[in-house]
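Peer 1: need coordinates for the following:
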Amino acid sequence: MNNLPHVRPATETPHPVGRRAVKVTAAACALGLLATATAIPIWTGTAGPAQSPPSPSTTAAPRPVMAPCPSPAALTAAQLKARAQQKLDPSPTHLPESTPARQALEAVTVGPSGCDSIPGRFAYVHLLKWATDTTIAGSSTTTRIVLFEEQRWRADDASGRVIRSRYPTDQRPTDDSTYHPGELDGPMGPIAVDPAALNAHIDATQPRFLGPTAVIRGLVSLLGWRTPNQAARTAVITVLRDTPGIAYHGSVTDRAGRTGVGVSATSDGIRFLLILNPTTGELLAYERAALTPPPANDRTRPLVDDYHLFLVHTHASSSDNS
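Peer 2: Got it, this is the predicted structure:
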């Protein structure tokens, strides 16, 4: 995979065949256009908080209106710099006390999303990604945080396009790469809607002997490049529910201020966390956190190594964002 120099993301990126550098222009800050998830600890069958059963003397409340599909614009270079320079707590996300995922997810019903009806042959994923950039000098290392913005288009034939900007730029221009059929990594086709097939897709991206953390990492590899429909999101919840060792957490807030629910798995001092929309099951954020500082490192406390903030999962008829 084509990881950027010195950066250690937890998920995979595709192998490019050809690259061409372009300059991204944009209109408005993406984060201001995000839809905020409802702060409830479980999913319901509608896009909003669960309604209490009406008493015999009252009429049931109207069904909440489904939130529209967000369409955040790409950040300008100045906006990306400003976002990167905002003070950010690098500590792992604080999580409520956990319960086994099987118990908590047993009665989950994933609701529809406003993005489900958007047509187009490309899955379109827009995200911000904070990653650690480690410099090694002799026997010591120093770590800094680099912010990336990525727009990803992927078709079922594994063709697509990726526009990636970063801050600090380190004299590297915005990268705009186009991929021909079969060049993007991972299984062909959309994300599976059957739990057994979805497990097979996960196995193709992450070795299952790594335990429940492999499921979290495999799902991020798949969901980071595809837009699951309601049936596929239900399959995701089923796989998480049926994987021993997955922990369920109550309300968890992502870096956009949206409140979702968390599911996590931990191994060798590394915690992998997904934050999911509480009504639709859509992936809001992913975090990889080192709970124990590595040896011979400048870190003195737990630190987030990799954080993906998903602004939108939708579809597009073209990979041309002009």
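
Peer 1: in the stretch 151-300 of the chain, which spans are strands?
Peer 2: In chain order, the stretch 151-300 of the chain shows strands spanning 160-167, 175-179, 247-253, 259-267, 270-276, 283-290, with DSSP state E, counting those that start in this stretch as the criterion.

Peer 1: now the helices for this structure?
Peer 2: Along the chain, counting by DSSP state H, helices occupy 77-85, 101-105, 195-205, 212-223, 230-241.

Peer 1: so where's the stretch 101-250 of the chain shaky on pLDDT?
Peer 2: Scanning the stretch 101-250 of the chain for pLDDT under 70 picks out 107, 137-140.

Peer 1: how does it look with 50?
Peer 2: By pLDDT under 50, the stretch 101-250 of the chain has no low-scoring segment.

Peer 1: what's the most buried one of the helices of the chain?
Peer 2: The highest mean neighbour count among those, using mean count of other CB atoms under 10 Å, belongs to helix 212-223: a mean of 24. For the C-beta atoms, the positions are set from N, CA and C on the backbone; glycine is no exception.

Peer 1: report the angle between it and strand 283-290.
Peer 2: Calculated by axes from the mean of the first three to the mean of the last three CA atoms, to 10 degrees, helix 212-223 forms an angle of 140 degrees with strand 283-290.

Peer 1: contact partners for the closest residue in space to L276 that isn't next to it in sequence?
Peer 2: Once flanking residues are discounted, L276 sits nearest to G260: 5.2 Å by CB to CB, 6 or more residues apart in numbering. G260 sits next to A37, S251, V252, T253, D254, I275, L276, N277, P278, L284, A285 when contact means CB atoms under 8 Å, 6 or more residues apart in numbering.

Peer 1: hmm, back to that, the strands of the stretch 151-300 of the chain: which one's closest to P92?
Peer 2: For P92, the closest of those is strand 283-290, at 3.6 Å, according to CB to CB.

Peer 1: okay, now the sheet partners of that closest one, with direction.
Peer 2: If you go by DSSP bridges, strand 283-290 pairs up with strand 270-276 (antiparallel), strand 303-316 (antiparallel).

Peer 1: any chance you could map the strands in the stretch 1-150 of the chain?
Peer 2: Assignment of strands within the stretch 1-150 of the chain using DSSP E, counting those that start in this stretch yields the ranges 18-21, 99-100, 122-137, 140-155.

Peer 1: returning to what we had before: and the helices of the chain as TSV, adding distance to P293?
Peer 2: Shown next, in TSV, are the helices of the chain (distance: least, CB to CB, whole Å):
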stretch	distance to P293
helix 77-85	23
helix 101-105	28
helix 195-205	28
helix 212-223	19
helix 230-241	29
